[in-house]
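*Asks:* Fold the following.
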Amino acid sequence: MTQYALRRLLWLPVTLLAVSFLTFTIARFGPGDPVRVAAGQHADPKVLEQIRADRGLDLPLPQQYVRWLSKAIQGDFGESYQQRGFTVSELIFPRMWVSAQLGLIVIVLQFVLGVPLGLVAARYAGSWIDPVIISTLLFVQSIPILVVIPPILWLFALEWGVLPTGGWDGLIDILWIQGVIAIPIPDPHLWIPVSVMTLPGLAGVARLVRVSALDVQVEDYVRTARAKGLAESAVQFRHVFPNSLLPIVTVIGMSLVGVLEGAFFVETMLGIPGIGRFAFESVGSRDYDSIMALTVVLAGAFVVFNLLAELLYARIDPRIRLGAGTRR
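*Replies:* Numbering: from 1, shown residues only. Have a look, this model is predicted:
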């Protein structure tokens, strides 16, 4: 397992090099000029040319890439075109932390709620309970977030006034009782984004657990446990439940990458200063250095998190032999 992990990590620089070069090339050949976008329509052409020269945008493409790469290896991702005076690192990582906090809450809720729903659907497969659970979740999943957010804002923020319309104020708020007793509660800014991000993902988790549980239900060790007279609740918790969660490990790896990516539409519509909103703005303003930094960081996170998921899968299921190409 250690050798397999080392081989995968040795390929990480090669992967990042390929991803960064492709992203760099596509961004440079895309429409728009980041210098003109940042300076506005009435900027002096001589000033624009000077800015391009200072940033190396007048050099041939290979030289531009080598110049960027030499700085990126040292941890310098450059200065933002759109927010001048700030380095890309100063802008990206605080926003990643905001998205990570929001995303981790969403992931926990999706698995805490989705796993039991999937197990219940598998346990009562063939009855009315199974299609009701899955159909309800699929219906919720099919509604686009862009459609869900406006009526929720109208009802809870404008009509009832119980939740803020957007923004971000951390995870915890303090509820004071008569100005003496302080009770920590989830911040009101969390309720709408967490709800609209959690509900669509429940269907995927529940369906995956359901399919896995149905496969486990017909295994010989489950039939043997029932034949010995073991109570059905014990069969479910001792045999079906733990063995149904193996495919979830891979999904967790993918979900952790999504935590760093943020939620483009949710963060933009609700004014959350996360990495998803920042990426959306960076692409729109042709902020080359910010786009490159986002791509490299997320690509590296994708490789590392998926490697951790594979190692965890092999640790949970001893039949897995990483790198062997066979399942023993």
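
*Asks:* Where do the strands of this structure begin and end?
*Replies:* With DSSP state E as the criterion, the chain has strands at 172-177, 181-186.

*Asks:* will you turn those strands into a markdown table that also has mean neighbour count, mean pLDDT and distance to Gly78?
*Replies:* Placement of C-beta: from N, CA and C, glycine included. As requested, the strands of the chain are arranged in a markdown table below (neighbours: other CB atoms under 10 Å; pLDDT from 0 to 100; distance: least, CB to CB, whole Å):
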| stretch | mean neighbour count | mean pLDDT | distance to Gly78 |
| --- | --- | --- | --- |
| strand 172-177 | 10 | 82 | 35 |
| strand 181-186 | 10 | 84 | 37 |
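
*Asks:* okay if I get the ones you listed as a markdown table plus distance to Val205?
*Replies:* As requested, the strands of the chain are exported to a markdown table (distance: least, CB to CB, whole Å):
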| stretch | distance to Val205 |
| --- | --- |
| strand 172-177 | 26 |
| strand 181-186 | 22 |
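
*Asks:* Which one of those lies nearest to Arg55?
*Replies:* Smallest distance to Arg55 across the strands of the chain (CB to CB): 41.5 Å, for strand 172-177.

*Asks:* Mind listing residues that contact the closest one?
*Replies:* Residues outside strand 172-177 that contact it (CB atoms under 8 Å, 6 or more residues apart in numbering): 182-188.

*Asks:* low pLDDT regions in the stretch 201-328 of the chain?
*Replies:* Confidence mapping of the stretch 201-328 of the chain against pLDDT under 70 gives the ranges 257-262, 316-328.

*Asks:* Can you check which helix is longest in the protein?
*Replies:* Ranked by residue count under DSSP state H, the longest helix found in the chain is helix 88-123.

*Asks:* That one packs against which elements?
*Replies:* Packing partners of helix 88-123 (3 or more CB pairs under 8 Å, 6 or more residues apart in numbering; DSSP states H and E): helix 129-142, helix 191-217, helix 241-244, helix 246-261, helix 275-284, helix 288-316.

*Asks:* picking up where we left off before, I'd like the contacts of strand 172-177 laid out as a markdown table, including distance to Ala27.
*Replies:* What follows is these, written out as a markdown table (distance: CB to CB, whole Å):
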| residue | distance to Ala27 |
| --- | --- |
| Ala182 | 49 |
| Ile183 | 49 |
| Pro184 | 44 |
| Ile185 | 43 |
| Pro186 | 39 |
| Asp187 | 36 |
| Pro188 | 38 |
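
*Asks:* my guess is Gly56 meets Gln63, correct?
*Replies:* Yes - counting by CB atoms under 8 Å, Gly56 does reach Gln63; the two are 7.4 Å apart.

*Asks:* quick one on the thing from earlier: and the contacts of strand 172-177, which is closest to Phe241?
*Replies:* Each of those was checked against Phe241 using CB to CB; the closest is Pro186, at 28.3 Å.

*Asks:* contacting residues for that closest one?
*Replies:* Applying CB under 8 Å, 6+ apart, we find Pro186 in contact with 171-173.

*Asks:* same thing with Val98?
*Replies:* Contact partners of Val98, counting by CB under 8 Å, 6+ apart, are 168, 272-275.

*Asks:* switch the cut-off to 6 Å
*Replies:* Residues in contact with Val98 (CB atoms under 6 Å, 6 or more residues apart in numbering) are 273-274.
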